[in-house]
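[1] I would like the atomic coordinates for the input below:
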Amino acid sequence: MTSTAGHTITVEPAAVHVRAVHDGQVLAESRRPLVLRETGCPDRYYLPPGDVRTELLTPSGTRTHCPFKGDASYWSRPGAADLVWAYPEPREQVAAIKDHFCFYATDVVTG
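    Numbering: from 1, shown residues only. Purely as a prediction, here's the structure:
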């Protein structure tokens, strides 16, 4: 856990099955995601690279900086720019998310 002036981030294994689907195509599915909880943000699932169909993604030129997590790189799909991101060199406090992929839309699979 990291905390700065009222801003907290935690990263831990999530005991859920998650799936990322875009236009009917499964882009990722994992039973071993990490959940990142950050003050003021929705919970986000970070999926290990082996659970993501990276061949369906195209790296984009977009880069963003988060003072708490580091610099993010993005991937796109046709008609869906910057659909996915990852932190290749995250800050030490969130090192567990290194190279894990996060999708804007991820569903928890039940049953």
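[2] now R53, nearest residue through space, not along the chain?
    In space, not counting the residues next to it along the chain, R53 is nearest to L27; the distance is 5.4 Å by Cβ to Cβ, 6 or more residues apart in numbering. Bear in mind the C-beta positions are built from the backbone N, C-alpha and C, glycine included.
[3] and P13, by the same measure?
    By the measure of Cβ to Cβ, 6+ apart, the closest residue to P13 outside its immediate chain neighbours is L34, 6.1 Å from it.
[4] ok, A72 - contacts?
    63-66, 85-87 (Cβ atoms under 8 Å, 6 or more residues apart in numbering).
[5] redo that, cut-off 6 Å
    Shown in contact with A72 (Cβ atoms under 6 Å, 6 or more residues apart in numbering): 64, 85, 87.
[6] distance of A72 relative to H100?
    Remark: distance between A72 and H100 (Cβ to Cβ, to the nearest Å) = 11 Å.
[7] can you pull out the strands in this structure?
    In the chain, strands defined by DSSP state E lie at 2-4, 7-13, 17-22, 25-30, 34-38, 44-47, 58-66, 70-77, 80-86, 101-103, 107-109, listed in chain order.
[8] which of the ones you listed has the lowest mean pLDDT?
    Per-segment confidence across the strands of the chain bottoms out at strand 2-4, which has a mean of 57 in mean pLDDT.
[9] what is the neighbour count of C41?
    By other Cβ atoms under 10 Å, the residues close to C41 number 12.
[10] the one 10 residues further on too?
    The number of residues packed near D51 is 17, by other Cβ under 10 Å.
[11] which residues does the closest residue in space to it that isn't next to it in sequence bridge with?
    Distances taken as Cβ to Cβ, 6+ apart place S30 nearest to D51, at 3.8 Å, with adjacent residues excluded. Per DSSP bridges, residues listed as beta-bridge partners of S30: V18.
[12] so what's S30 up against?
    Remark: with contacts taken as Cβ under 6 Å, 6+ apart, S30 is in contact with 18, 47, 51.
[13] same list, these, but as a markdown table with distance to A105 please.
    Supplementary listing: the contacts of S30 in a markdown table, determined by distance: Cβ to Cβ, whole Å:
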| residue | distance to A105 |
| --- | --- |
| V18 | 11 |
| L47 | 13 |
| D51 | 16 |
